[in-house]
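[1] Quick one, what's the 3D model for this:
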Amino acid sequence: MDLLPKVFRTEGDLAEFDSSRILDSILKETGMSEPNANKITELVVRRIISSGIRFLSGPHIREIVCSILSEQHFESERKLYTRIGIPLMDYEEILEKGSLKHPKRIMNPEKIHTWAANRISEEYAHLRILNNEESKAHLYGDIHIHKLRYFDLRPLTQIWDSRIILDHGLPPIPNFISCCKLKPALNLKEAIHHLVRWLALTQNEFCGNQGFNYLTLFLSPYVRGISVPELKRLMKTLIYELNHLSVMTGRTVSSSSIQTGPTNLESFSDVPIIGFHDKTIGNYGEYQEECLALFNALVSAFKDGDDGKNSFRTPIHEIMVSRAWLNKFNSAYRNVWEEINSMKSSILIKSDTSSLKDKNLKSNNYQSSGILQEICLNLPRFAYTTKDETKFLELLNEKLILSNQILIKKYKIIEKRLKSNHLPLCSGIINNKPLYNLKNQIFSISFIGLNETVKFLTHSELHEHNDALNLGVKILNDMNSICKRFSENNNLLVLLSESITKKAVYRFARLDMKHFPKIALHQSNGEDPYYTNSFHFREDVEIDPIERVKKQEKLQGFIQNGAIEYVSLEDLQRNNHDLVDFINERFIPSKLERLKFT
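    Alright, predicted model coming up:
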């Protein structure tokens, strides 16, 4: 048929034009009725003939079909039939010039390929997974679906019980044929190697932070007979290798974390340790001295920083504290205070809020957990839209329901991926239990800009007036109650959380400056506008740290997933507060769970 050109196919050959292939693909991909599909196919053929096109390819034909589907008002079918990808010039620009948005970011071939794949995955999520309302809410800036590009494949974060690897070797699951099998570690050096390699392997299945709970306890049986200098050297090796994980893949990798303490929790004293060949080699309570030695070595390594005297951006060091431990291990914590004063890299976490406390701690009952997905709400946007407290809370409720819908979709997707073995490590079984227990994962609903929200509605920031603080408490109380209701209705763990996405604080403010230019409130560091994260006060507010803690703990009590309070060392000095006294007298008795000095 001379009126129709030959078609260049992606397989690399040239074929005669065949309209039946268009018809078959429309029927298969859109579910459209046959009469309508015939009509669309006929219109496509007519357009090709009338245009005099002499070159055709599969993607070109698909573009013509999508154009006609839109013209004929088959918008849902167009979304199903569309081709996802990126414009040629966009790819060429990143190939030739690197990232213009992030000029300081390292660019290499793997990162370029990852960037291109991310664009495709995010388009797929908008076109195939999210409905129009959900997609618009994200694009317009009402909500932010964290790591949307991984929504169709990966859970977000996971903090591992290192006994999984120490007891079972690497990888810990049977019949994993993608790499060789290593038996359980015989010494501390091997144990470190196995743990780091485990996170390297699981980077392929998660898109956020990973780490290990209570590492000093679980590694303590490997410490006997090791000198202090050698122990410190091995801990530096652990830190360096975890740090290097962030550049071993094309994508941007979130920080890893390790949780440590100078001794074991009392509930661990009688928990048996499984050694080589599945033999019990004692209980964790017998390794108190080794646990303390390991803790001292880690703190010392963090205090020294890297060989360039820089602090470690990753891994994040979470140090467990309690009043009893601070008294009993005063010397060990003195090194912690020195590290905080010099490097400021550690986070203090109360031992009574540890995820391992009061758990069933049988030797084979491993305690790993994480966040399956986070969705962040733009609170200032709802205030600008409603301009009224009552209407604000009504709109907030609507957006929470929308977020819950999206979280349930994520659950069903990952459940499907586990069954299809798209997550081969997470799909593994240990001791007749799933390595990755989907039911134990957290569904995180977070928020940005409580401070700007109350300022817009009350004309005062959170720290400035009780009316503003009380409104903040009311908003968080409502959000927390709704999250609890979601948990009960879905039999899932939906928690109100502090936002872990740095992108949203800038993205929301930038979009609101565009859509609400006359009324939008924001902060600025002289560059991009941003909102304060979650429930926090403005960064540069001048307030006594003790007063800050008193007010912030009223808000933090509603955050169910462990919020961090940030206190400036300069503010402590300016207000004549001693660091150790502040921790003992203000942090420990408060309702705050985590504390980081800046």
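
[2] Name the residues of stretch 428-444 that are buried.
    Gly428, Leu435, Tyr436, Gln441, Ile442, Phe443, Ser444 (16 or more other CB atoms under 10 Å). C-beta: built from backbone N, CA, C; applies to glycine.

[3] which residues sit against the helix or strand Thr237 falls within?
    Under the criterion of DSSP states H and E, Thr237 resides in helix 228-244. The contact list for helix 228-244 (CB atoms under 8 Å, 6 or more residues apart in numbering) reads 188-189, 192-193, 195-196, 199, 223, 226, 256, 258, 293-294, 296-298, 300-302, 304, 306, 312-315.

[4] Just the ones in helices from the residues you listed, please.
    Residues of these located in helices (DSSP state H): 188-189, 192-193, 195-196, 199, 293-294, 296-298, 300-302, 304.

[5] Just give me the closest of the residues you listed to Leu148.
    Leu199 (23.3 Å; CB to CB).

[6] Measure how far the lowest-mean-pLDDT helix or strand in the chain is from the centre of its chain, please.
    Least confident helix or strand, the chain: strand 272-274 with a mean of 76, by mean pLDDT, DSSP states H and E. The chain centre lies 32 Å from the centre of strand 272-274; the measure is CA atoms, centre = their mean, to the nearest Å.

[7] Check stretch 74-86 too.
    29 Å.

[8] Going forward, count from 20.
    Okay, residue one is now 20; in that scheme the one you just asked about reads as stretch 93-105.

[9] Can you show me the CA trace of that stretch as CSV?
    Provided in CSV are the C-alpha atoms of stretch 93-105 (Å, rounded to 0.1, in the frame of the first residue of the first chain):
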residue,chain,number,x,y,z
PHE,A,93,-10.6,8.8,25.8
GLU,A,94,-8.3,10.3,28.4
SER,A,95,-8.1,7.2,30.7
GLU,A,96,-7.3,5.1,27.7
ARG,A,97,-4.7,7.6,26.6
LYS,A,98,-3.0,7.3,30.0
LEU,A,99,-2.9,3.5,29.6
TYR,A,100,-1.6,3.6,26.1
THR,A,101,1.0,6.3,26.5
ARG,A,102,4.7,5.7,26.2
ILE,A,103,6.9,6.6,29.2
GLY,A,104,10.3,8.0,28.7
ILE,A,105,12.3,11.2,28.5
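
[10] Can you give me the buried ones in that stretch?
    Neighbour-count burial for stretch 93-105, counted by 16+ other CB under 10 Å, picks out Phe93, Glu96, Arg97, Lys98, Leu99, Tyr100, Thr101.

[11] same check, this time on stretch 280-300
    Under the neighbour-count criterion of 16+ other CB under 10 Å, stretch 280-300 has Gly280, Pro281, Thr282, Asn283, Leu284, Phe287, Val290, Ile292, Ile293, Gly294 buried.

[12] which one among the residues you listed gets closest to Asn595?
    Pro281 (29.1 Å).

[13] how far away is the closest one from Ile292?
    The gap separating Pro281 from Ile292 is 19 Å, by CB to CB, to the nearest Å.

[14] Am I right that Ile368 sits in a strand?
    Yes. Counting by DSSP: H, G, I helix; E, B strand; the rest coil, Ile368 is located in a strand.

[15] which ones are touching it?
    By CB under 8 Å, 6+ apart, the contact list for Ile368 reads Gln278, Glu337, Ile338, Met339, Val340, Gly581, Glu612, Arg613.

[16] The last one touches Ser370, doesn't it?
    No. Between Arg613 and Ser370 no contact is recorded; they are 11.8 Å apart, counting by CB atoms under 8 Å.

[17] List of residues touching stretch 520-529?
    Outside of stretch 520-529, the residues within contact range by CB under 8 Å, 6+ apart are 160, 163, 165, 393, 395, 397, 399-400, 465, 467-468, 518, 539, 541-542, 547-552.

[18] and that stretch, which residues are buried?
    Neighbour counts using 16+ other CB under 10 Å place Thr520, Ala523, Val524, Tyr525, Arg526, Phe527, Ala528, Arg529 of stretch 520-529 among the buried residues.

[19] swap in stretch 144-160?
    Using 16+ other CB under 10 Å as the test for burial, stretch 144-160 gives Ala144, His145, Ile148, Leu149, Glu153, Ser154, Ala156, His157, Gly160.

[20] Do I have it right that the fourth one meets Leu158?
    No. Taking CB under 8 Å as the contact criterion, Leu149 and Leu158 are not neighbours in contact, 9.6 Å apart.

[21] Give me the next element, helix or strand, following the single longest helix found in the chain.
    Longest helix in the chain, counting residues (DSSP H): helix 408-438. Sequence-wise, the next helix or strand downstream of helix 408-438 (DSSP H and E) is strand 448-449.

[22] Can you tell me the strand partners of the next helix or strand after that following strand and which way each runs?
    Later in the chain than strand 448-449, the nearest helix or strand by DSSP H and E is strand 452-453. Applying DSSP bridges to the sheet, strand 452-453 is found paired with strand 448-449 (antiparallel).

[23] any low-confidence regions in the stretch 470-617 of the chain?
    544-545 (pLDDT under 70).

[24] ok, now with 80
    With pLDDT under 80 as the threshold, the stretch 470-617 of the chain has low-confidence stretches at 543-546.

[25] what's the answer for the stretch 70-219 of the chain, then?
    Scanning the stretch 70-219 of the chain for pLDDT under 80 picks out the ranges 105-107, 109, 112, 114-127, 129-130, 134, 196-197.

[26] Return the alpha-carbon coordinates of the helix or strand where Glu153 lies using CSV.
    Secondary structure from DSSP H and E places Glu153 in helix 151-159. Presented in CSV, the C-alpha positions along helix 151-159 are these (Å, rounded to 0.1, in the frame of the first residue of the first chain):
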residue,chain,number,x,y,z
ASN,A,151,-6.0,11.5,38.9
GLU,A,152,-6.7,13.0,42.4
GLU,A,153,-3.7,11.3,44.0
SER,A,154,-1.4,12.3,41.2
LYS,A,155,-2.6,15.9,41.1
ALA,A,156,-2.2,16.2,44.9
HIS,A,157,1.5,15.3,44.6
LEU,A,158,2.3,17.3,41.5
TYR,A,159,0.4,20.4,42.8
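
[27] Which members of the buried residues of stretch 93-105 occur in helices, if any?
    Residues of these located in helices (DSSP H): Glu96, Arg97, Lys98, Leu99, Tyr100.

[28] Great, nothing more from me.
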